[in-house]
Every structure is written in structure tokens, then in C-alpha cells.
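Novice: test case, fold it:
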Amino acid sequence: MSHGTEEHLEHAEHAQHPVHDPFYRQVAMTMAIVAAVLACVTMLSHREHTETLRLQNEATINHTQASDQWAYYQAKKDREYNYDVSAEILKAIADKSDNSKVLLSKVEEWTGKVQRYEKETADIEKTAKELTHQAEERQRESEHAHHRADRYDLGELGIELALVLCSLAVLTKRPRFWHVGIGFGVLGAGVAASALLLH
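Specialist: Okay, the predicted model is just below:
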């Protein structure tokens, strides 16, 4: 009879220490793996969000620089048009003036300024277009990074649900929660991995 009591005490001791139960060990191992994968996906998600913000910031800087160049271009064009129109008017006046030599030298000076502004505005326009193109490129890259971050976030959610379901399996001693948790973990990891396919 004492043998039966020892056996009951041993079962009671095992009940108090679920770590000896193979089911608990398997679930605990699964949870450790899921937690490690979750840490990796969370890190990738944070990095992708940071990359999105960095690219958006660069796009904003490029847009601002392009805007400055376009304003500079417009100011130079205004001067070019003013000198061009003034030279034409002065030329018409010079044809009917006794002081035509002085006026024509001024027309020549202003025509030279028109040519200088034409060259300068062509260079400014080229720079402004390059900056606009860079801003658009950074914006596209930012959108791609944002889409990758969305995938990582969804994957992270699936993996977190896997941890919750595995915890429920431990609390309820129901393998079904564990199996569904594994499914969510695999699904979440797959969604997170699909972010690597987005270019």
C-alpha cells in the first residue's frame, strides 16, 4: 500500500512540474523558436520604417532644393525677358533718335545680358529637373519601403498570435491551440519573408 502512496506522490510532483511533460516541453520549444523569429521580424520591421522615414526626408529635401532652383530659374527668366523687351524697345527708339550710337551700345549690352541669362537659366533648369527627378525617385523608394514595412508588420502580428495561442495551449493543455499557433507562426513568417520579394 505504501507503494501506491509513493506513486501518487510522484504523480502529484509531476503535476506540479509540467516541465517533465513532453507536451509542455514541445510547446515551450515552439514558443522559444517563435519568440526568436518574432524578434527578427520586429527588428526588420523597425528598420524598414526607419528607411521609409529616411527616404521621405531625402525626398522632401530634394523637393525643396528643386523648388529653390525653379524659383531661381524664374527670377533669372524674368530678368532675361526684361532685358530682351527693353533692348527691343530701345532699339526702336534708337532708330529715330539723334543719340542712336549711345542707345545702340546699351542695346548691345542688354542683348549680351539676355544671352548670358539664357545660358544660366538652361543650367539652372537642368539642375532643377535633376533634383525633381531625385525627389520622385526617393518618393518611389519610400513607398516600396513602406510596403515592405507593412508586410513585416503583418508578419509580426501573425507571429505574436502564434505566441498567444501557444500560451493558451500551455494553460488549457489542449494541443489544438498549439497546432493553430504553429500555423499562425508559419503564416506570419511567410508574410514577413514575402517583404524580401518586394523591390
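Novice: ranges for the helices of this protein?
Specialist: Along the chain, counting by DSSP state H, helices occupy 2-16, 22-94, 100-172, 175-194.
Novice: next, format these as TSV and append mean pLDDT and mean neighbour count.
Specialist: For glycine as for every other residue, the C-beta is placed from the backbone atoms N, C-alpha and C. TSV is the format used below for the helices of the chain (pLDDT from 0 to 100; neighbours: other CB atoms under 10 Å):
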stretch	mean pLDDT	mean neighbour count
helix 2-16	55	9
helix 22-94	93	16
helix 100-172	93	17
helix 175-194	96	18
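Novice: who touches the residue nearest the centre of the chain in this structure?
Specialist: Closest to where the C-alpha atoms of the chain average out (CA atoms, centre = their mean) is residue 52, at 1.7 Å. Applying CB atoms under 8 Å, 6 or more residues apart in numbering to residue 52 gives the contacts 142, 145, 146, 149.
Novice: contact partners for residue 113?
Specialist: Per CB under 8 Å, 6+ apart, neighbours of residue 113: 79, 80, 83.
Novice: ok, for residue 160, nearest residue in space, not its chain neighbours?
Specialist: The shortest distance from residue 160 to any non-neighbouring residue, by CB to CB, 6 or more residues apart in numbering, is to residue 38 (6.5 Å).
Novice: contacts only, for that neighbour.
Specialist: So residue 38 contacts 156, 159, 160, 163 (CB under 8 Å, 6+ apart).
Novice: list just the nearest of these to residue 71.
Specialist: Closest approach between these and residue 71, by CB to CB: residue 156, at 44.0 Å.
Novice: I'd say residue 45 and residue 149 touch.
Specialist: Yes: between residue 45 and residue 149 there is a contact under CB atoms under 8 Å: 6.0 Å.
Novice: returning to what we had before: with distance to residue 119 added, can I get the contacts of residue 113 in a markdown table?
Specialist: Formatted as a markdown table, the contacts of residue 113 follow (distance: CB to CB, whole Å):
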| residue | distance to residue 119 |
| --- | --- |
| 79 | 13 |
| 80 | 10 |
| 83 | 13 |
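Novice: check the offset of stretch 163-171 from the chain's centre.
Specialist: 34 Å (CA atoms, centre = their mean, to the nearest Å).
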